[in-house]
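Trainee: fold the following and give me the result.
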Amino acid sequence: MKKAILFDLDNTLYDYNKPHEKALKEVYKVLKQHINISFKKFIKLFNISKAEIHKELAGTASAHNRILYFQRLIEKTHNTVEPKIILKLYSAYWNTFLKNMKIRKDVLNTLKKIRKKGLKIIIVTDLTTHIQLRKIEKLKISNYIDFLVTSEEAGSEKPHSIMFLLALNKIKILPKDAVMVGDNTITDIEGANSVGLDTVLLQNKKTIKRY
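Mentor: Just a heads-up that it's a prediction; the model follows:
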C-alpha cells in the first residue's frame, strides 16, 4: 500500500490560465497610468521579457519570478529601472491572481479521502516558496498538506530528480511507496518516473492515465 501522494500545484489543483489572464489585464491597467501603450504591445513585451528571463535563468525558481518579468519589461518601456512602477505591477499581478484562483472540482474531497486513509500529502511545485504558500492558503488546503517542496528550496526545477527525492526524504519513504500526480507529461510524469515513482497524469481536469 502507498504511504504518500505527491501533487503538483499549478494547473493540477486549480486552473492557472484564468487567474493569469485576469492578472495581466490588471497589470496593464496599472501600467497605462504611467505610459501610453496598447494591450497588444504590453502582452508582446511581457512575453519577450518572460522568454528572456526563462532563457537566462533556466532550471531555477527565479525563472518564474514575476518581479523579474516586470523589471525587464519596464527596462524596455522606460529604458531605466523604475522601482515604484515595478512593485505596483508585481502587487497588481499577484493580488488579482490570488483573488481569482478557484480550486478544481473534487480536489478538496480527494484530499479529504487521502487523509482518511492515513496517507501523507506533499506538494511538489516549481516557483518561489512565498507565492506557493500564498496559493495554498488561498485554496484553503493547508490542513491537508503535510509538506511542501518548491524549486526555490530544491535549487532546481522539475523534472530534476532532486525535487522528488527531497519530497520523499522529508517523509522518509522510498519511491515505491508514493505516487506523483500532475498535469505535465515531462516535468511531473517523466521526472517522477525517473526516480521510480508511480504517476497519475491529469488531463482536461480528469485523471486519464496511470504510468
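
Trainee: what's the model's confidence in stretch 113-120, averaged?
Mentor: Mean per-residue pLDDT for stretch 113-120: 96.

Trainee: mind listing what's buried in it?
Mentor: By 16 or more other C-beta atoms under 10 Å, the buried positions in stretch 113-120 come out as Ile114, Leu119, Lys120. From N, CA and C alone the C-beta is placed, and that goes for glycine too.

Trainee: centre of the chain versus it, how much separation?
Mentor: 24 Å (C-alpha atoms, centre = their mean, to the nearest Å).

Trainee: what's the first-to-last distance across stretch 183-192?
Mentor: For stretch 183-192, the first and last residues are 12 Å from each other (C-alpha to C-alpha, to the nearest Å).

Trainee: could I get the buried residue list for that stretch?
Mentor: Buried residues in stretch 183-192 (16+ other C-beta under 10 Å): Asp183, Asn184, Thr185, Thr187, Asp188, Ile189, Gly191, Ala192.

Trainee: got a pLDDT number for the residue lying farthest from the centre of the chain?
Mentor: When distances to the mean C-alpha position of the chain are computed (C-alpha atoms, centre = their mean), the maximum falls on Asn36, with 31.3 Å. Among the per-residue scores, Asn36 shows a pLDDT of 97.

Trainee: sec struct for it, please.
Mentor: coil (DSSP: H, G, I helix; E, B strand; the rest coil).

Trainee: with Val181 instead?
Mentor: Note that with three-state DSSP, the state of Val181 is strand.

Trainee: out of everything not next to it in sequence, what's closest to it?
Mentor: Nearest non-adjacent residue to Val181, counting by C-beta to C-beta, 6 or more residues apart in numbering: Val200, 4.6 Å away.

Trainee: can you list the residues that contact stretch 136-145?
Mentor: 9, 13-14, 98, 101, 103, 107-108, 111-112, 114-115, 121-123, 148 (C-beta atoms under 8 Å, 6 or more residues apart in numbering).

Trainee: wait, Thr129 touches Ala154, no?
Mentor: No - taking C-beta atoms under 8 Å as the definition, Thr129 is not a contact partner of Ala154, at 10.3 Å.

Trainee: re earlier: let's see which of the contacts of stretch 136-145 end up in helices.
Mentor: Counted as lying in helices by DSSP state H, out of the contacts of stretch 136-145, are Leu98, Val107, Leu108, Leu111, Lys112, Ile114, Arg115.
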